[in-house]
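**Q** Coordinates for the following, if possible.
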Amino acid sequence: MNRSKSAINVSPVRIELDPIFHAVEDGVCIDWLVDTQGLHAQLRSSSQRLAELRLQNSETTSELQLLLADSEHTLPFRLLARSLEWLWWQAGTPRQLQLSEALRRLFAVPKGWCDDDGLIDCSDFFQQPLLWYFGDNGGGKPLSWVENDKGLRHPQRRPLPNGLLYQRYLPNLDTVLSFRKLDPALDLDRFCHWMQQSRVAEFWELAKPREELARYLDTVLADAHLQPVVGCFDDEPFGYFELYWALEDRIGPHYDAAPFDRGAHLLVGESRFLGRQYGVAWLNGISHFLFLDDARTMRLVGEPRADNSKLLKYLTMTSWHKVKEFDFPHKRAALVTCERERFFQETEFT
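**A** Predicted coordinates for the structure are as follows:
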C-alpha cells in the first residue's frame with residue numbers, strides 16, 4: 001500500500017493567519033493556529049465544532065489542555081498522535097508533553113503511551129509504531145529458537161511482508177520517505193541499473209549481467225537472515241537496503257552480537273538523492289524502521305568499508321558512531337553501531 005503526501009493529509013502552512021498544521025482522520029479534522037497566547041487547535045466534523053485544545057509552555061514541559069469539548073464521543077486517537085508528532089517538529093517544543101486528564105479521556109489514549117499522570121516523552125513517542133510502521137512484527141511474534149546449517153542457534157526469523165513497510169513525512173525536505181520490500185518483478189531492472197554504476201560497483205562489486213543479479217536477489221529472498229528493501233522519496237525509488245540479522249551474518253563473530261541486533265548493507269542508486277540532507281534522512285529512517293520492526297532490537301550495526309568516507313561522515317551527523325576497524329577477507333571494514341536509547345534520545349525527527 002503506497003500513500004502519497006496528499007493521502008497522509010499533512011499540510012504544514014507557513015501563513016500565520018491560516019492553520020499552520022491541518023490533519024484529518026475518520027472525518028474529523030484538526031487545525032492548529034497561533035494567537036496572542038500561543039498555539040491552540042480546533043477540531044471539527046463537517047461544520048460542527050467538537051473540541052478546542054491549547055498548548056501551555058514551560059521551560060521543561062508543555063501541557064496540552066482541553067479547553068472545551070462539544071462531543072460526547074471519543075475522537076480519533078491517531079489525530080492526537082499526529083498532532084504530537086507535529087508539535088515535536090517545532091523548534092523549542094520541550095521533549096516532554098503533559099496530556100490533561102480530560103484530553104486523555106476524549107481521545108481514549110491507549111495504555112502505555114504516557115505515564116499515569118499523562119506525561120509523554122518524545123523518545124517514548126517515536127518508539128510507538130502507530131503512525132509510521134506498516135510491517136507485521138513489532139516484536140509481537142513469539143520467540144522460538146532454531147539452528148542454521150553452520151550449527152549456530154538463533155531466534156527464528158520471519159520474512160518481511162510484501163509491500164509498504166514504513167512511511168513518514170519529513171518536514172525539512174517536504175517529502176515522504178518510505179521503505180517497501182523489494183519485488184524482483186518490479187525492481188530487477190532498476191537494481192541492475194544501480195549495480196552497473198561505477199560509484200556503486202566500487203563498493204558492492206556486483207556489476208554483473210542481469211541473469212546473475214536475478215539469481216543474487218533470489219538467493220537474498222531465500223535467506224531467512226536477509227531482507228531486501230527499496231527506499232523511496234515521494235514513491236520514487238532511490239536506493240537498495242539489504243537488511244540482516246547480525247548474529248547470523250558475517251559481522252557476528254567480530255563483536256559481541258546479541259540475538260536481535262540488526263544491520264543493513266545499502267546503496268543510493270539515484271544520484272539526485274545523494275548529499276547530506278538526503279543521507280541523514282534515510283539513515284535515520286532505516287534506523288527508525290529497524291527499531292520499530294522489533295522492540296527487542298537494542299542495537300544496530302554496520303560494517304562499511306573503512307575508506308567509505310562519505311558514508312562514515314554522514315554517520316557522524318546521526319546517533320551512529322564508529323567503534324573500531326577490522327579485517328574481512330575481502331575488505332578493511334569499520335564497525336559502526338547505533339544504540340536504541342541513544343537513537344531515540346538524540347534523533348530529531350524533522
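**Q** use CA for all of it now, contacts and neighbours both
**A** Noted.
**Q** What lies in contact with the helix or strand harbouring residue 120?
**A** Element membership for residue 120, per DSSP states H and E: strand 119-121. Contact partners of strand 119-121, identified using C-alpha atoms under 8 Å, 6 or more residues apart in numbering, comprise 95-99, 113-114.
**Q** which two in the residues you listed are spaced the farthest apart?
**A** Using C-alpha to C-alpha, the contacts of strand 119-121 reach their maximum pairwise distance at 95 and 113, which is 14.3 Å.
**Q** what separates the nearest residue to residue 97 once chain neighbours are set aside from residue 109, distance-wise?
**A** Nearest non-adjacent residue to residue 97, counting by C-alpha to C-alpha, 6 or more residues apart in numbering: residue 62, 4.9 Å away. According to C-alpha to C-alpha, to the nearest Å, residue 62 and residue 109 sit 17 Å apart.
**Q** Same drill for the two, tell me which one is more crowded.
**A** Legend: neighbour count by other C-alpha atoms under 10 Å for residue 62 and residue 109, higher for residue 109 (21 against 18).
**Q** Need the three-state assignment for that one.
**A** Counting by DSSP: H, G, I helix; E, B strand; the rest coil, the backbone at residue 109 sits in coil.
**Q** Please look at it and residue 78 and confirm they touch.
**A** No - counting by C-alpha atoms under 8 Å, residue 78 is not a contact partner of residue 109; they are 9.5 Å apart.
**Q** Beyond the helix or strand containing residue 40, next helix or strand please.
**A** When elements are assigned from DSSP H and E, residue 40 belongs to strand 38-45. Sequence order places strand 48-57 as the next helix or strand after strand 38-45, per DSSP H and E.
**Q** How far does that next one sit from its chain's centre?
**A** Distance of strand 48-57 from the chain centroid (C-alpha atoms, centre = their mean, to the nearest Å) equals 29 Å.
**Q** now do stretch 176-195
**A** In terms of C-alpha atoms, centre = their mean, the centre of stretch 176-195 is found 18 Å from the chain centre.
**Q** May I have the distance across it, first residue to last?
**A** With C-alpha to C-alpha, one end of stretch 176-195 sits 25 Å from the other.
**Q** average model confidence for it?
**A** Averaged over stretch 176-195, pLDDT sits at 98.
**Q** hmm, back to that, which among the contacts of strand 119-121 gets closest to residue 225?
**A** Among these, and counting by C-alpha to C-alpha, the member closest to residue 225 is residue 113, at 31.5 Å.
**Q** what about the strands in the stretch 1-150 of the chain?
**A** Ranges of strands within the stretch 1-150 of the chain are 21-25, 28-35, 38-45, 48-57, 61-69, 96-99, 119-121, 145-147, based on DSSP state E, counting those that start in this stretch.
**Q** how about these in a markdown table, adding mean pLDDT and distance to residue 227?
**A** Below are these laid out as a markdown table (pLDDT from 0 to 100; distance: least, C-alpha to C-alpha, whole Å):
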| stretch | mean pLDDT | distance to residue 227 |
| --- | --- | --- |
| strand 21-25 | 93 | 32 |
| strand 28-35 | 92 | 38 |
| strand 38-45 | 91 | 41 |
| strand 48-57 | 90 | 42 |
| strand 61-69 | 87 | 40 |
| strand 96-99 | 92 | 35 |
| strand 119-121 | 94 | 31 |
| strand 145-147 | 94 | 18 |
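**Q** so which of these gets nearest residue 301?
**A** Of all the strands of the stretch 1-150 of the chain, strand 145-147 comes closest under C-alpha to C-alpha, at 21.7 Å.
**Q** what lines up beside the closest one in the sheet?
**A** Here strand 145-147 has these sheet partners by DSSP bridges: strand 153-155 (antiparallel).
**Q** Let me know the pLDDT of the residue found closest to residue 274 once you drop the neighbours it is linked to in the chain.
**A** Spatial nearest neighbour of residue 274, chain neighbours left out: residue 268 (7.0 Å); criterion: C-alpha to C-alpha, 6+ apart. With respect to pLDDT, residue 268 has a value of 97.
**Q** For residue 268, which residues are in contact?
**A** Residue 268 makes contacts with 200, 238-240, 274, as judged by C-alpha under 8 Å, 6+ apart.
**Q** Torsion angles phi and psi at it?
**A** Main-chain dihedrals, residue 268, degrees, to the nearest 10: phi -100, psi 110.
**Q** Over to the one 10 residues further on?
**A** Residue 278 has phi and psi values of phi -70, psi -40 when expressed as degrees, to the nearest 10.
**Q** chain center to stretch 130-150: distance?
**A** Distance, centroid of stretch 130-150 to centroid of chain: 17 Å (C-alpha atoms, centre = their mean).
**Q** List the buried residues in that stretch.
**A** By neighbour count on 16 or more other C-alpha atoms under 10 Å, the buried set for stretch 130-150 is 132-135, 137-138.
**Q** All the helices of the stretch 201-350 of the chain, residue numbers only.
**A** Ranges of helices within the stretch 201-350 of the chain are 210-222, 276-293, 309-316, 340-346, based on DSSP state H, counting those that start in this stretch.
**Q** Sounds good, over and out.
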